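S.K.: Test case, fold it:
(one chain, ligands or ions: 1)
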Amino acid sequence: MIEIKKAALYARFSSDNQRTESIDAQVRAMKDFCTQNKWKIVETYVDEAYSATNDRRPSFQRMIEDSGKGVFDIVLVHKLDRFSRNRYDSAIYKNKLKHNGVRLYSVLERLDDSPESIILESMLESIGEYYSSNIAREVMKGLKENAFHCKHTGGSAPLGYDVGEDKKLVINEREAESVRIIYDMYINGYSYRNIAEYLNSKGYVTKKGNKFKPNSVSFYEILNNLKYTGTYVYNRSSSKDYSHRRNSHRYKPEEEIIKITGGCPAIISKETFQKAAERRKSVTAKGQLGSKHFYLCSGIVVCGECGKKMFGRKRFGKYAFNVYCCTSYKADCCNIKEVDSDRLDEHTVKLLEREMFNESAMKKRIAGLNKRIERYNCRIPAMRKSLNRELDKINTELIKLHSKKEKSIETYEKINTLELRKNDLEYAIDNLHEIESVSYSDYSNLINRFYELKEDNLRFRTFVQDYITSITVYRDKVVFCLNYGLGILDDVTKKYTFERKLFKTPTQKM
Ligand SMILES: [Zn+2]
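M.R.: Residues are numbered from 1 along each chain as shown. Predicted coordinates for the structure are as follows:
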């Protein structure tokens, strides 16, 4: 008698990945796979919008638990990275399944028990892990350091610039003219279409040598690029990112963006940039309430109760005052009290002055940072070795796949995935280099900039938020998380806790 195997399906959909097959497609493919193998589907587990990098996935947890009850013999996923992107978790859970007599299968990665499959399986896992691994983050440090010293970090230069021999941006005069025209026309109310037509009629071309199109994305990017004012910006999303999703419209969290005033030659004035920003705001904010009051910490204040952001708003009543208020307040699902935004903003500036932007703090910070940089530099050979090992494995596998006489669609898919990974690894290896230590003059420039920018609300906010990761408001305390990494290292933070009552509004009693 043939025993019919019972299968459980597991699907995960993360909202942050637009290319991910929808749950429906994943489930459909899995059902077909079960039919082919004559497996009986006994259960389907679905997690939505959870990242696979941690294991807080309720359905996943239920599936692992159920695997001990003898309900199914097989767990089927569409792709192994749906199961887990972390080798440690993967090993733990796979071991649990194995212990319960349940085997893991993937629709796209055809795995059996042959030695090659076992190797391939562990390799696919390590590739998945690479997405979110420390190595990738560590490599980012090298890129950030490059940016810190204002060198161009790969990819093509923005319109208006070329990359000079020392890798710094230099002005390309002809292109710079077109940038100035774009700003000028935009500020004066012309549409993207008008601008494109004018530029084309004068023979200007894009960076790639094409005609300008009234496509809002490219103009949007030009009108939004702080580099044109001489502020060097390195935004990871605009360059090659590790997951090969090039969605440059989705900006990275502030802490991943590096800005250095005076870091590259300016093409337009700051006033011009500001005017363009204002027009953009008035165009895009259609109907949205523009907040007149300035909220320095807007975007980094977080509610300690529900984890959502707290936004700046005006309170009317007997006294009018400004507060940061939890995003959940309307839904009535959070009852954290709002904080006085003026007090919080003022406190933030004082804290930065005391802990970062003065001579004696500087000595402490530089010493700490340089020690860490030294440690990072020591780890480079090991990181390089590990990346190279990964690369060797991939090359071996690629040779094997390429030499196959008949290649199935799966083979091509595998080759494609491996080639992409290979590019990433090579890119990472190329960019792995020693970080220069931070000098007193670098740091005192920062201190000067802090005091210079104080008068300029918007720029001051951008600057300040580079040095504060978050301000979390709890019922009894407020925790400031300062970032001492200067954009070179990303895990150098320190927390400062203050009593909640320091930030009470004129009407709160506590
Ligand atoms: Zn809340």
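
S.K.: which regions of the chain lie under the pLDDT threshold?
M.R.: Scanning the chain for pLDDT under 70 picks out the ranges 1-2, 14-22, 49-56, 84-92, 110-155, 215-217, 234-259, 282-292, 330-332, 490.

S.K.: Could I get the full set of strands for the stretch 301-450 of the chain?
M.R.: Listed in chain order, the strands found in the stretch 301-450 of the chain under DSSP state E, counting those that start in this stretch are 301-303, 310-315, 321-326, 339-340.

S.K.: Show me what the strand or helix carrying Lys281 is packed up against.
M.R.: If you go by DSSP states H and E, Lys281 is part of helix 270-284. If contacts are counted by 3 or more C-beta pairs under 8 Å, 6 or more residues apart in numbering; DSSP states H and E, helix 270-284 sits against helix 173-187, helix 216-223. To be clear about C-beta, it is placed using only N, CA and C from the backbone, and glycine gets the same treatment.

S.K.: Which stretch among the ones you listed is buried most, on average?
M.R.: helix 173-187 (a mean of 18; mean count of other C-beta atoms under 10 Å).

S.K.: can you list contacts of that one?
M.R.: Helix 173-187 is contacted from outside by 159-161, 194-195, 198-199, 202, 204, 207, 219, 222-223, 228, 267-268, 272-273, 275-276, 279, using C-beta atoms under 8 Å, 6 or more residues apart in numbering.

S.K.: if we can go back for a sec, and the helix holding Lys281 with helix 173-187, angle?
M.R.: Calculated by axes from the mean of the first three to the mean of the last three C-alpha atoms, to 10 degrees, helix 270-284 forms an angle of 50 degrees with helix 173-187.

S.K.: pull the CA atoms of helix 270-284 into PDB?
M.R.: Output of helix 270-284 as PDB, limited to C-alpha atoms (Å, rounded to 0.1, in the frame of the first residue of the first chain):
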ATOM      1  CA  LYS A 270      20.600  76.900  -1.600                       C
ATOM      2  CA  GLU A 271      17.900  79.600  -2.200                       C
ATOM      3  CA  THR A 272      17.100  78.100  -5.600                       C
ATOM      4  CA  PHE A 273      16.800  74.700  -4.100                       C
ATOM      5  CA  GLN A 274      14.600  75.900  -1.400                       C
ATOM      6  CA  LYS A 275      12.300  77.700  -3.900                       C
ATOM      7  CA  ALA A 276      12.000  74.500  -5.900                       C
ATOM      8  CA  ALA A 277      11.200  72.600  -2.700                       C
ATOM      9  CA  GLU A 278       8.500  75.100  -1.800                       C
ATOM     10  CA  ARG A 279       6.800  74.700  -5.200                       C
ATOM     11  CA  ARG A 280       7.000  71.000  -5.000                       C
ATOM     12  CA  LYS A 281       5.500  71.100  -1.600                       C
ATOM     13  CA  SER A 282       2.700  73.300  -2.700                       C
ATOM     14  CA  VAL A 283       2.100  71.000  -5.700                       C
ATOM     15  CA  THR A 284       2.200  67.800  -3.800                       C
END
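
S.K.: sorry, back to before: need the strands of the stretch 301-450 of the chain in TSV (columns: distance to the ion).
M.R.: Written out in TSV, the entries for these read as follows (distance: least, C-beta to the ion, whole Å):
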stretch	distance to the ion
strand 301-303	3
strand 310-315	7
strand 321-326	3
strand 339-340	12
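
S.K.: Can you add mean neighbour count and give those back as a markdown table?
M.R.: Converted to a markdown table, these look like this (neighbours: other C-beta atoms under 10 Å):
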| stretch | mean neighbour count |
| --- | --- |
| strand 301-303 | 23 |
| strand 310-315 | 19 |
| strand 321-326 | 22 |
| strand 339-340 | 24 |
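
S.K.: Ok, which of those strands comes nearest Leu387?
M.R.: Closest to Leu387 of the strands of the stretch 301-450 of the chain, according to C-beta to C-beta: strand 301-303, at 34.6 Å.

S.K.: Domain boundaries for the protein, per the record?
M.R.: For the chain, the structural domains run 6-112, 155-247+264-284, 291-356+436-510, 361-430, going by automatic domain parsing.

S.K.: got the residues of this protein near the ion?
M.R.: Residues of the chain found near the ion (C-beta under 5 Å from the ion) are 303, 305-306, 326, 328, 334, 336.

S.K.: Check whether Ala276 really touches Leu223, as I assumed.
M.R.: Yes. Counting by C-beta atoms under 8 Å, Leu223 is a contact partner of Ala276 at 5.0 Å.

S.K.: In the stretch 401-510 of the chain, what residue comes closest to the ion?
M.R.: Residue nearest to the ion within the stretch 401-510 of the chain (C-beta to the ion): Val473, separated by 8.4 Å.
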